[in-house]
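A.B. asks: Sequence plus the predicted model coming up.
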Amino acid sequence: MPDAQSLEETRQGLIVRDLSFHYGPKTALDAVSFDVAPGTFCALLGPNGAGKSTLVSLLTRLLVAPEGVISVAGHNLLQSPGKALGDLGVVFQQPTLDLGLTVRQNMAYFAALHGVSRRAVPARIDAALDRLGMRDRAGEKVRALNGGHRRRMELARALLHDPKVLLLDEPTVGLDAAARQSITDHVHDLAQQGLCVLWATHLTDEVRDTDQLLVLHQGQILARGQAGELRSADTLSNWFLSQTEVPA
Ligand SMILES: Nc1ncnc2c1ncn2[C@@H]1O[C@H](COP(=O)(O)OP(=O)(O)OP(=O)(O)O)[C@@H](O)[C@H]1O
């Protein structure tokens, strides 16, 4: 039985209860429940079609679920969407940067959308870029950055309003091995510093043994726990395949 303190800590992270979603007759998510506590890197691992993007759309309120509860840092997404989304940072699968604006201009625009006061914006941008080692690129047009730096910039932008929960949907798609490693390492560092991270992926090599792991398959959570304990003596890749293989 969790004690009161750990319950309160979990409340400051992400809580999902009995979340279901259907596209017409197609069930995309079926009574999904999980928690991610602050200071945790949680990998949401699922093959194509598992329901990851649907879950991300529900967590960001692009879709609204008729059933279930989502709580972000103690705010119910349905009842207090402004507060819940204010504590959520998101890196979507597809880049959402204006290539013709500089790094700083892109970030300033996003800060305005989040209601950061004009006076606070420069310092917030500098702090967010510093966290990702990107301050020296602030004046460059995004078009001039390589894929890895663009992603890093999107990550810095997602942290601009100081969210408590960070959500990333397959954030390494299209990146080379070095850039993938760098982004994966950065986000693990952020979790170690106290952020609550949910990282959706189908790539097992982005998951560390010490990470929390949720395996999503055909709209249901098949397994949850610490990655190293779940895979046991197997490789994570083999274990994941054995969990998600569909009988011929
Ligand atoms: N707009 C839609 N209409 C009907 N079915 C959909 C729609 N979007 C997704 N689905 C179905 O819902 C299920 C979950 O899809 P979803 O895109 O959430 O999975 P995913 O894990 O994100 O996959 P991928 O990694 O390929 O993006 C799949 O069976 C998919 O075919």
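C.D. replies: In hand now; what should we look at?
A.B. asks: and A50, how many neighbours does it have?
C.D. replies: Burial of A50 is recorded as 23 neighbouring residues (other Cβ atoms under 10 Å). Glycine gets a C-beta too; all of them are placed from N, C-alpha and C.
A.B. asks: quick one, phi psi at G174?
C.D. replies: As for G174, its main-chain torsions (degrees, to the nearest 10) stand at phi 80, psi 0.
A.B. asks: pLDDT score for the nearest residue to it once chain neighbours are set aside?
C.D. replies: The shortest distance from G174 to any non-neighbouring residue, by Cβ to Cβ, 6 or more residues apart in numbering, is to G147 (6.0 Å). Looking at G147, its pLDDT is 89.
A.B. asks: any idea how far G147 lies from P163?
C.D. replies: Separation of G147 from P163 (Cβ to Cβ, to the nearest Å): 24 Å.
A.B. asks: again with D169
C.D. replies: Remark: distance between D169 and P163 (Cβ to Cβ) = 15 Å.
A.B. asks: and the protein, what are its domains?
C.D. replies: For the chain, whose domains are defined here by automatic domain parsing, the residue ranges read 1-87+163-248, 95-162.
A.B. asks: residues touching the residue positioned nearest the centre of the chain, list them.
C.D. replies: Centroid check for the chain by Cα atoms, centre = their mean gives L167 as the closest residue, at 1.9 Å. When the contact criterion is Cβ atoms under 8 Å, 6 or more residues apart in numbering, the partners of L167 are V56, L59, T60, L88, G89, V90, V91, L198, A200.
A.B. asks: nearest spatial neighbour of Q192, skipping sequence neighbours?
C.D. replies: On the basis of Cβ to Cβ, 6+ apart, the spatially nearest residue to Q192 that is not a chain neighbour turns out to be G39, at 7.1 Å.
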